[in-house]
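A.B. asks: what follows is a predicted protein model with its sequence.
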Amino acid sequence: MKSIMSWDKLSDEVRKRRRELGLTQPDIQRRGGPGVATLRAIENNQPSRPSLRMRRALEDALEWESGSVDAILAGGSPTLKESKDDSDITSQPKAEAEAQDRFSLAKQVVALKITFAQHAAGVSQEARDALLEQITRSAREAEQTIVKVMPWLDDAERGEAIELLVALRAPL
């Protein structure tokens, strides 16, 4: 017998968790979750077959452990992620702080590339090659992260993301 997915329970749990966090649907999108239209469809019990990527993005945005959406669809309950110590950002709303950190890895890699270019001449060839390999690997990871969240970015964030992609791909 084929199991029945609990779309109405998913709808209720997503809406309830979003409200517990004090977030709007656009806030969920800004946190890297699904777009407003997709989230609205989920919350209004209009079932679709969300991709694994979309389910994980929704879980991250709602601060649920990975696999929580699948657990809800199977009739279970979500598991909350353990809360991080946000004591250093208490003056800002959590969503704002996360938005500021969205591109921090990419910005660090770009800064590293600039510093490396300024000092490469004073470094041995072996060290230069090793550093260049590590910078290239880090740049690829940062690019992949940006590309993964690109569909959920607003216009301003998308512009910043594109500028960072250009800087990450620029030759040394």
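C.D. replies: Good, I have the coordinates.

A.B. asks: looking at this structure, which helix or strand is least sure?
C.D. replies: helix 94-101 (a mean of 50; mean pLDDT, DSSP states H and E).

A.B. asks: give the other helices and strands that the helix or strand following that helix contacts.
C.D. replies: Note on helix 94-101: by DSSP states H and E, the next helix or strand toward the C-terminus is helix 104-119. Secondary-structure packing of helix 104-119 (3 or more Cβ pairs under 8 Å, 6 or more residues apart in numbering; DSSP states H and E): helix 125-149, helix 155-169. Using the backbone N, CA and C atoms, a C-beta is placed for each residue, glycine as well.

A.B. asks: so which of those is nearest Gln108?
C.D. replies: Shortest distance between Gln108 and the helices and strands packed on helix 104-119, using Cβ to Cβ, is found for helix 125-149: 8.1 Å.

A.B. asks: what lies in contact with the closest one?
C.D. replies: Residues from elsewhere that reach helix 125-149, judged by Cβ atoms under 8 Å, 6 or more residues apart in numbering: 32, 53, 102-103, 105-106, 109, 112-113, 116, 120, 123, 161, 164-165, 168-169, 172.

A.B. asks: filter these down to the buried ones.
C.D. replies: Buried members of the contacts of helix 125-149, scored by 16 or more other Cβ atoms under 10 Å, are Gly32, Arg102, Phe103, Leu105, Ala106, Val109, Lys113, Phe116, Ala161, Leu164, Leu165, Leu168.

A.B. asks: looking at the residues you listed, which is nearest Ser68?
C.D. replies: The nearest one, if we look at the buried ones among the contacts of helix 125-149 relative to Ser68 and count by Cβ to Cβ, is Gly32, at 15.4 Å.

A.B. asks: three-state assignment of the closest one?
C.D. replies: coil (DSSP: H, G, I helix; E, B strand; the rest coil).

A.B. asks: any chance of JSON lines for the helices and strands packed on helix 104-119, columns distance to Gly22 and mean pLDDT?
C.D. replies: Compiled in JSON lines, those are given as follows (distance: least, Cβ to Cβ, whole Å; pLDDT from 0 to 100):
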{"stretch": "helix 125-149", "distance to Gly22": "22", "mean pLDDT": "88"}
{"stretch": "helix 155-169", "distance to Gly22": "21", "mean pLDDT": "89"}
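
A.B. asks: could I get these as a markdown table with distance to Leu23?
C.D. replies: Listed next are those as a markdown table, based on distance: least, Cβ to Cβ, whole Å:
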| stretch | distance to Leu23 |
| --- | --- |
| helix 125-149 | 17 |
| helix 155-169 | 17 |
